[in-house]
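> Here is my input; please provide its structure:
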Amino acid sequence: MLSNMAPTCIQAQQQLSSPWAMLNHAKPHQLSQAFKAFQALPLVEQRSIELQQAQELLAAYQAIYCSQWMQRRTQGYRSQCPPPTAAQLAQISKYLEQQTQRTAPPPQILAELQLIGQALAVFAQRCRA
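Below you'll find the predicted structure:
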């Protein structure tokens, strides 16, 4: 099992400067392991999100935020990945609805993205330990 996790852990250990950068680099298959690590923590008021919903949201996030971020990077913009703007969250919400028929308002999208980012951060920490 360790050999199967090693490449994923190495990718998760990348020195990423923000949760948004972690989401940019996450792969859908990593979410399963990340969620297992995150759900094992005794967190108060932990909000649950289904793995499939997380994977769909990650795809929507990457389709909107990442594509716009990469365009900015090719134009020479260099800095940490900022949180998604209100406009980007609205675009992600619309994209998600078009692709999955799931409706979620931008504040819910932001909260779920933060939860996914936390799960990825916990996973990366456990890989480093």
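> The closest residue to residue 96 other than its chain neighbours - how many residues pack around it?
In space, residue 96 comes closest to residue 60 once its chain neighbours are excluded; the distance is 4.4 Å by Cβ to Cβ, 6 or more residues apart in numbering. To be clear about C-beta, it is placed using only N, CA and C from the backbone, and glycine gets the same treatment. Residue 60 has 24 neighbouring residues, counting by other Cβ atoms under 10 Å.
> by contact count, what packs against the helix or strand hosting residue 60?
Assigned by DSSP states H and E, residue 60 falls within helix 51-61. Applying 3 or more Cβ pairs under 8 Å, 6 or more residues apart in numbering; DSSP states H and E, one finds that helix 51-61 contacts helix 28-39, helix 86-100, helix 106-128.
> looking at those, which has the lowest confidence?
Lowest mean pLDDT within those: helix 28-39, at a mean of 78.
> Show me what counts as buried in it.
The neighbour-count check on helix 28-39 (16 or more other Cβ atoms under 10 Å) flags 30-31, 33-35, 37-38 as buried.
> go on, stretch 59-77?
Buried residues in stretch 59-77 (16+ other Cβ under 10 Å): 59-62, 64-66, 69.
> Output it in PDB with nothing but the alpha carbons.
This file holds the C-alpha atoms of stretch 59-77, laid out as PDB (Å, rounded to 0.1, in the frame of the first residue of the first chain):
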ATOM      1  CA  ALA A  59     -13.500  19.900 -11.600                       C
ATOM      2  CA  ALA A  60     -15.700  23.000 -11.700                       C
ATOM      3  CA  TYR A  61     -13.100  25.000  -9.700                       C
ATOM      4  CA  GLN A  62     -10.300  23.900 -12.000                       C
ATOM      5  CA  ALA A  63     -12.300  24.600 -15.100                       C
ATOM      6  CA  ILE A  64     -13.000  28.200 -14.000                       C
ATOM      7  CA  TYR A  65     -10.300  29.300 -11.500                       C
ATOM      8  CA  CYS A  66      -7.400  27.400 -12.800                       C
ATOM      9  CA  SER A  67      -7.900  28.300 -16.400                       C
ATOM     10  CA  GLN A  68      -8.100  32.000 -15.500                       C
ATOM     11  CA  TRP A  69      -5.200  31.700 -13.200                       C
ATOM     12  CA  MET A  70      -3.000  30.000 -15.900                       C
ATOM     13  CA  GLN A  71      -3.900  32.800 -18.300                       C
ATOM     14  CA  ARG A  72      -2.700  35.400 -15.800                       C
ATOM     15  CA  ARG A  73       0.500  33.400 -15.300                       C
ATOM     16  CA  THR A  74       1.200  33.300 -19.000                       C
ATOM     17  CA  GLN A  75       0.900  37.100 -19.000                       C
ATOM     18  CA  GLY A  76       3.600  37.300 -16.400                       C
ATOM     19  CA  TYR A  77       1.500  37.600 -13.200                       C
END
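> All set, thanks.
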